[in-house]
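Peer 1: When you get a sec, could you give me coordinates for this:
(one chain, ligands or ions: 2)
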Amino acid sequence: MPDFKFPDFPDNNKSLLRKYLTEDIFNQLAGLKTSNNFTLEKAIKSGVENPDSGVGIYAGDAESYTLFAPIFDPIIEDYHKFTASDSHNSDMKPPEAAWSNPDKEGKYILSTRIRVGRNLADMPLGPAISTAQRNEVENRASIALMNLPDELKGRYYRLSNLSDEERQKLVEDHFLFKSGDRFLESAGLNRDWPEGRGIFHNTDKTFLVWVNEEDQLRIISMQMGGDIFEVFSRLCKAVDSLSKSMSFLQSKHLGYITSCPTNLGTAMRASVHIKLPKLADRQDLFKKITDEHYLQIRGIHGEHTESAEPIFDISNKRRLGVTEVELIRGLYDGILALINKEKSF
Ligand code: ADP
Ligand code: ILO
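Peer 2: Numbers count the residues shown, from 1 in each chain. Ligands and ions are numbered 1, 2, ... in the order given. Model (predicted):
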């Protein structure tokens, strides 16, 4: 590790890593290694190499969050408003359908998607996993996915068996992850690509599972329109089914453990693609409402993309210290507020 020095962050680096990595913390952690040989150097490589990172750090295993706590804790607290003494609870029981669709007339919401990330209890996370372990995860996942009930039934496609055209079409239609993400590349998450990666989906593509991208499993429920309740109910059923045949990495304090600290806890991102042409021209108001409801605005081709049309991806920003049901409720209220404001112009 002789060349590993305190990073020389450029001024345009606005990441949480830069905000909290002091020379003291660096010196305290630089020589440490988890039992999977994960180091501070590997954890911060993505944030150092990509100055436009918002966060800039990844974990290689559950132990990373304790061994490197002096840097992870303040980042987790800043992002999730969750302190080292807080605890996390999960609630994946779908609530009443009464507040199922904030856009009953179907004028604003194009589609709804809810995903959760999961990693296996007996494996390191993606940044520290070996080739053989990653292939073992794929093998176990594809077996578990063969036994799903009813509308969840589908087929697993290995990424290496898809043609470029098939892969591209799935990405454009918002079903599949992109290849070559530079943030994941620096984090060591793209090693051996495309080996061990793949996608499962049912016939209607309303239930999908990504295997071995940023997390070992991304379990996804999605459909056209704004029926958040139906999308969430399908997700709960799928997670419940998969939990019977796979054991997921979790802790009392951090909930479900993921490679990126932004996903800890519920590991859930519930989003709508929504058309808001008037609010698009009032960024101040738009941002005020999303901030009040702890919502994040992304472009519609995924994180780090811009929206050319006035269609936005609006999702819950927090994932830790709040239950899944509370987050869904927050999304519902926030979307309703955005639609009401859009109608008021
Ligand atoms: P995540 O971290 O949730 O997987 P990304 O921002 O990388 O998020 O998005 C992954 C894919 O899911 C992208 O193709 C994106 O367009 C698609 N997506 C996200 N939300 C929706 C939605 N509400 N409707 C349709 N597609 C969506
Ligand atoms: N490392 C990237 C992404 C952070 C949050 N998003 C995801 C997909 N985990 C960054 O710091 O901007």
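Peer 1: quick one: what helix or strand has the closest residue to D215 other than its chain neighbours in it?
Peer 2: In this structure, D215 finds its nearest non-sequential neighbour in G117, 3.7 Å apart by Cβ to Cβ, 6 or more residues apart in numbering. C-beta: built from backbone N, CA, C; applies to glycine. Assigned by DSSP states H and E, G117 belongs to strand 109-118.
Peer 1: Sheet partners, orientation included, of that strand?
Peer 2: strand 217-224 (antiparallel), strand 268-275 (antiparallel) (DSSP bridges).
Peer 1: Show me what the last one is in contact with.
Peer 2: To tie it back to what came earlier, the one meant is strand 268-275. By Cβ atoms under 8 Å, 6 or more residues apart in numbering, the list of residues contacting strand 268-275 from outside reads 103, 108-116, 226, 228, 231-232, 263, 298, 300, 309-316, 319, 324, 327-328, 331, 335, 338-339.
Peer 1: Show me how to select, in ChimeraX, the buried members of these.
Peer 2: In ChimeraX syntax, the buried subset of the contacts of strand 268-275 is picked out as below (16 or more other Cβ atoms under 10 Å):
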select :103,108,109,111,112,113,114,115,116,226,228,231,232,263,298,300,311,312,313,314,315,316,319,324,327,328,331,335,338,339
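Peer 1: So which of the contacts of strand 268-275 are in strands?
Peer 2: When these are checked against strands (DSSP state E), the matches are 109-116, 298, 311-316.
Peer 1: at contact distance from ligand 1, anything in the strand holding G117?
Peer 2: Yes: on the criterion Cβ under 6 Å from any ligand atom, strand 109-118 is in touch with ligand 1 at 111-113, 115.
Peer 1: Same check on stretch 286-306?
Peer 2: Yes: shown here: stretch 286-306 in contact with ligand 1 (Cβ under 6 Å from any ligand atom) through 298, 300-303.
Peer 1: ditto for stretch 189-206
Peer 2: No: Stretch 189-206 lies out of reach of ligand 1 by Cβ under 6 Å from any ligand atom, never closer than 10.5 Å.
Peer 1: right, is that stretch up against ligand 2?
Peer 2: No: Stretch 189-206 lies out of reach of ligand 2 by Cβ under 6 Å from any ligand atom, never closer than 9.9 Å.
Peer 1: can you tell me the distance between the two ends of that stretch?
Peer 2: Taking Cα to Cα, to the nearest Å, stretch 189-206 runs 26 Å from one end to the other.
Peer 1: Can you give me the buried ones in that stretch?
Peer 2: 189-191, 193, 196-202, 205-206.
Peer 1: Now for those residues: which two are most distant?
Peer 2: R191 and T206 (31.4 Å; Cβ to Cβ).
Peer 1: any idea which helix or strand carries whatever residue of the stretch 101-250 of the chain ends up closest to ligand 2?
Peer 2: Taking Cβ to the nearest ligand atom, ligand 2 has its nearest neighbour within the stretch 101-250 of the chain at F183, 4.2 Å off. Here F183 sits within helix 182-186, counting by DSSP H and E.
Peer 1: Centre of the chain to the strand holding G117, how far?
Peer 2: Centroid separation between strand 109-118 and its chain, computed with Cα atoms, centre = their mean, to the nearest Å, is 10 Å.
Peer 1: That concludes my questions; thank you for your assistance.
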